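# Fold the stuff below for me.
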Amino acid sequence: MSRSLKRLLVAGAAGFIGSNFVRLLRHTRPDLEVTVLDKLTYAGNRANLLEFEGTEGYRFVHGDICDAGLVDTLAGQADAIVNFAAETHVDRSLMDPFAFIETDVRGTAVLCEAARKHEHEVFLLVSTDEVYGEVPAGRSAETDAFRPRSPYSASKAAGEHIAHAYAESFGLPLLVTRGSNTYGPYQYPEKLIPVLITNAVDGLRLPLYKDGSAVRDYLFVEDHCRAIAQVLFDAPGSGAYNVGTGAETTGLEVAEAVLEIMAKPKSLIEFVADRPGHDHRYALDISRITALGWEPRVTFAEGLERTVRWYVEHQEWWRPLKSGEYWDYYRRNYRPLVS
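Numbering: from 1, shown residues only. The predicted structure follows:
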């Protein structure tokens, strides 16, 4: 099947993955009307979508997904919703859990209610592989139980449960994507890869938790956005889809690769105290989405090279973001390693 959507409400699209998703849609489906709703919190940046301001078929609305009245109005002008809006960083969730509950749970419920009321053709919730919790062995399948271990992953799991309840109780046509660790241009410089790159640019230490051995599946943002679009337009019925590459990389391997690309010494790597409840490994079974016809196109080596180049060439974008509040968070989060 293929959905012929005409008007799309994209929540949280001034952030990293959402802005790249809108960029993909504007380039590949120019006839699709896109309304962006974003609160513009610290990680939301209207400059990420500046190229589309004033263009036909694009509209930006500054607002909160928890504002039921505003969401209802915008939902009435769309035939589908894609929700990227979320508090997303595990480290910040350990400092302020309630902000995550408000956005990731209540905000998702507000969007679900609006999609139900206006009988939308589909509601797509962008979730995360972290809802499965730590995966010591094997790979997480879409039917596996949720075992979140941080306020962030718990809030995303709770948001999913709300959405699934709407699907069961009210017939909400629900699709969910659970993406692995995503990287690429326009990522706020507190996540691991942009922290490593931007610190290396300035000759600063590259912080890694404990011994840098935590394993992640790093997915280039363009591949992630293609997967979301494929699920949105082509996935039959309802259900969840894991999105990843199937490859596994440690934090130490990432840091060493960044330093090699930038011709910087490995002595810049600094091990710091591990965060509480740190999941050592995530790994996804991606057979369901590959059966839909999607597969990753960008290798980690190629994607990292492109990402490093983007941050080196776009310092005017990230330098203003590494301001006072950023460094306050940074100092609270990266604590010396106590042996």
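# ok, now which ones touch residue 244?
By Cβ atoms under 8 Å, 6 or more residues apart in numbering, the contact list for residue 244 reads 129, 179, 180, 217, 219, 283, 284, 286, 296. Using the backbone N, CA and C atoms, a C-beta is placed for each residue, glycine as well.
# got it, and residue 5?
Residue 5 neighbours (Cβ under 8 Å, 6+ apart): 32, 79, 80, 121, 122, 232, 233.
# re earlier: among the contacts of residue 244, which are in strands?
Among those, the members found in strands (DSSP state E) are 179, 219.
# What's the ChimeraX syntax to select whichever of the contacts of residue 244 are buried?
To isolate the buried ones among these in ChimeraX, judged by 16 or more other Cβ atoms under 10 Å, type:
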select :129,179,180,217,219,283,284,286,296
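# if we can go back for a sec, so which of the contacts of residue 5 is the closest to residue 56?
For the contacts of residue 5, the closest approach to residue 56 (Cβ to Cβ) belongs to residue 32, at 11.4 Å.
# What does the closest one show for phi and psi?
phi -80, psi 120 (degrees, to the nearest 10).
# Quick check, it in contact with residue 9.
No: counting by Cβ atoms under 8 Å, residue 32 stays clear of residue 9, with 11.4 Å between them.
# hang on, the earlier thing: put together TSV for the contacts of residue 244, with pLDDT on each row.
Below are those laid out as TSV (pLDDT from 0 to 100):
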residue	pLDDT
129	95
179	97
180	97
217	96
219	98
283	94
284	96
286	97
296	97
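# just the buried members of the contacts of residue 5?
32, 79, 80, 122, 232, 233.
# how far away is the first one from residue 49?
Distance of residue 32 to residue 49, given as Cβ to Cβ, to the nearest Å: 15 Å.
# before we move on, back to that, could I get the contacts of residue 244 in CSV, plus columns for distance to residue 149?
Formatted as CSV, the contacts of residue 244 follow (distance: Cβ to Cβ, whole Å):
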residue, distance to residue 149
129, 13
179, 18
180, 17
217, 18
219, 21
283, 15
284, 17
286, 22
296, 27
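# Look at the residue lying closest to residue 22 once chain neighbours are set aside and tell me its secondary structure.
Nearest residue to residue 22, sequence neighbours excluded (Cβ to Cβ, 6 or more residues apart in numbering): residue 13, at 4.9 Å. On the three-state scheme (DSSP: H, G, I helix; E, B strand; the rest coil), residue 13 is labelled coil.
# was I right about residue 26 contacting residue 53?
No: between residue 26 and residue 53 there is no contact under Cβ under 8 Å: 11.6 Å.
# Between those two, which is the more surrounded one?
residue 26 (17 against 11; other Cβ atoms under 10 Å).
# Which strand or helix spans that one?
helix 16-28 (DSSP states H and E).
# now for that helix, which elements pack on it?
strand 7-11, strand 33-38, helix 221-234 (3 or more Cβ pairs under 8 Å, 6 or more residues apart in numbering; DSSP states H and E).
# Which residues does the shortest one contact?
By Cβ under 8 Å, 6+ apart, the surrounding residues in contact with strand 7-11 are 18, 21-22, 25, 32-38, 65, 74-75, 77-85, 107, 111.
# Give me the contacts around the longest helix belonging to the chain.
Taking DSSP state H as the criterion, the chain has its longest helix at helix 151-170. Helix 151-170 is contacted from outside by 86-90, 92-94, 97, 100-101, 103-105, 107-109, 112-113, 115-116, 123, 125, 127-128, 130-131, 133, 146, 148, 172-174, 176, 238, 279, using Cβ under 8 Å, 6+ apart.
# Do a quick rundown of the strands in the chain.
Using DSSP E, strands in the chain cover 7-11, 33-38, 58-62, 80-83, 122-128, 174-179, 182-183, 206-209, 215-216, 219-220, 239-243, 249-250, 269-272.
# contacting residues for the residue lying closest to residue 193 once chain neighbours are set aside?
In space, and not counting its chain neighbours, residue 193 is closest to residue 183: 4.3 Å by Cβ to Cβ, 6+ apart. Counting by Cβ under 8 Å, 6+ apart, residue 183 touches 191, 193, 194, 218, 219, 220, 221, 303, 304, 307.
# and of the residues you listed, the nearest to residue 59?
residue 221 (22.9 Å).
# Look up how far residue 135 lies from the residue nearest to that closest one when sequence neighbours are not counted.
Residue nearest to residue 221 in three dimensions, not counting chain neighbours: residue 184, with 3.3 Å by Cβ to Cβ, 6+ apart. Distance of residue 184 to residue 135, computed by Cβ to Cβ: 24 Å.
# The two: who's more crowded?
residue 184 (24 against 18).
# so residue 63 sits right up against residue 39, yeah?
Yes: with contact defined as Cβ under 8 Å, residue 63 reaches residue 39; the gap is 6.7 Å.
# tell me which helix or strand of this protein sits lowest on mean pLDDT?
Least confident helix or strand, the chain: helix 90-95 with a mean of 63, by mean pLDDT, DSSP states H and E.
# The residue lying closest to residue 127 once chain neighbours are set aside: neighbouring residues, count only.
Of all residues not flanking residue 127 in the chain, residue 178 sits nearest, at 4.8 Å (Cβ to Cβ, 6+ apart). Neighbour count for residue 178, taken as other Cβ under 10 Å: 24.
# Which residues does residue 178 form beta bridges with?
Residue 178 has these beta-bridge partners by DSSP bridges: residue 127, residue 242.
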